[in-house]
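Engineer: Here is my input, please return the structure:
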Amino acid sequence: MDGYHAVKVRDGIQFRLSAVPFRQITDIPEYQIGDIRPEDVVVDIGANIGAFCLRAALTARRVTAVEPVACSVLRENIRLNDADVQVIEGALGDGKPKMISWDDRQVLASTYTLRSIRETAGGCDFLKCDCEGAEWLINPEDLSGIRRIEMELHIPPISGPPEMELLDWIGRYYDFAIDRKPCHDILGVMGVLHAELK
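Structural biologist: Numbers count the residues shown, from 1 in each chain. Next up, the predicted model:
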């Protein structure tokens, strides 16, 4: 395909990378995914080009990827791997269109609440969320019943301050740990939350 070059990573997933002005992520060492179950419905918010959702699709019965910026490359990688992944072109948010930036690319994207994403996906047992601060817009009750959460938590300058109501909800209903130093160790990242429903 014109403008793409192929990469195969160690676990057999293939990626086509495009000559675009944003980072295309092919590895996800910061996320713990070994307990995805065959019966799980998985939601990947901030899918980028498919590093998480393609691996989840190797095990889970249903996977939905939400991505506002890299959708064309994501869809190409889903096709390349013959993966059964539904794509929602848009972002986590409050339902209003929003300008989304990823490196040097900006798009005006539709946004969806976690509740509406879960409805489109047909549920959610395992949630991966890396959406550059939009996680603080999650209505805590929209997490009800999700068995596992893997979520990058952002702080200024990437996002506004943490939403304590969300963190309190997670603390009440989940056993969790926060890895304070993500693998890429960038300014504006609190850490990666690993949470399991009590």
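Engineer: where along the chain do the helices fall?
Structural biologist: 51-56, 71-80, 114-121, 164-173 (DSSP state H).
Engineer: closest to Leu92 out of those?
Structural biologist: In terms of Cβ to Cβ, the element of the helices of the chain nearest to Leu92 is helix 114-121, at 6.5 Å. For the C-beta atoms, the positions are set from N, CA and C on the backbone; glycine is no exception.
Engineer: I'd like to know which elements that closest one is packed against.
Structural biologist: strand 41-45, strand 62-67, strand 85-89 (3 or more Cβ pairs under 8 Å, 6 or more residues apart in numbering; DSSP states H and E).
Engineer: quick check: angle from the second one to helix 114-121?
Structural biologist: Translated: strand 62-67. Using axes from the mean of the first three to the mean of the last three Cα atoms, to 10 degrees, the interaxial angle of strand 62-67 with respect to helix 114-121 works out to 130 degrees.
Engineer: Nearest to Ala177 among the helices and strands packed on helix 114-121 would be which one?
Structural biologist: Comparing those by Cβ to Cβ, strand 41-45 comes nearest, at 20.1 Å.
Engineer: Not counting the closest one itself, show me its contacts.
Structural biologist: For strand 41-45, the surrounding residues in contact (Cβ atoms under 8 Å, 6 or more residues apart in numbering) are 36, 52-53, 56-57, 60-66, 91-92, 114, 117-118, 121-131.
Engineer: ok, now with 6 Å
Structural biologist: The contact list for strand 41-45 (Cβ atoms under 6 Å, 6 or more residues apart in numbering) reads 52-53, 56, 60, 62-66, 92, 121-129, 131.
Engineer: ok, now stretch 121-129?
Structural biologist: Counting contacts by Cβ under 6 Å, 6+ apart, the residues outside stretch 121-129 that touch it are 36, 40-45, 52, 64, 118, 135, 146-151.
Engineer: give me that answer again for 8 Å
Structural biologist: Contacts of stretch 121-129 with the rest of the structure, by Cβ under 8 Å, 6+ apart, involve 31, 33, 36-37, 39-46, 52-53, 56, 60, 62, 64, 86, 92, 117-118, 135, 138, 143, 145-152.
Engineer: are any of those buried, and which?
Structural biologist: Applying a neighbour-count criterion of 16 or more other Cβ atoms under 10 Å, the buried members of those are 31, 33, 36, 40-46, 52-53, 56, 60, 62, 64, 92, 117-118, 135, 138, 143, 146-152.
Engineer: just the strands in the chain please.
Structural biologist: With DSSP state E as the definition, the chain shows strands at residue ranges 4-8, 14-18, 41-45, 62-67, 85-89, 91-92, 98-102, 105-109, 111-112, 126-129, 148-154, 174-179, 189-197.
Engineer: possible to save these as a markdown table with mean pLDDT and distance to Glu163?
Structural biologist: Conversion of these to a markdown table gives the following (pLDDT from 0 to 100; distance: least, Cβ to Cβ, whole Å):
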| stretch | mean pLDDT | distance to Glu163 |
| --- | --- | --- |
| strand 4-8 | 75 | 36 |
| strand 14-18 | 92 | 33 |
| strand 41-45 | 98 | 16 |
| strand 62-67 | 98 | 19 |
| strand 85-89 | 98 | 23 |
| strand 91-92 | 98 | 13 |
| strand 98-102 | 94 | 17 |
| strand 105-109 | 96 | 21 |
| strand 111-112 | 98 | 16 |
| strand 126-129 | 98 | 13 |
| strand 148-154 | 96 | 10 |
| strand 174-179 | 95 | 15 |
| strand 189-197 | 93 | 12 |
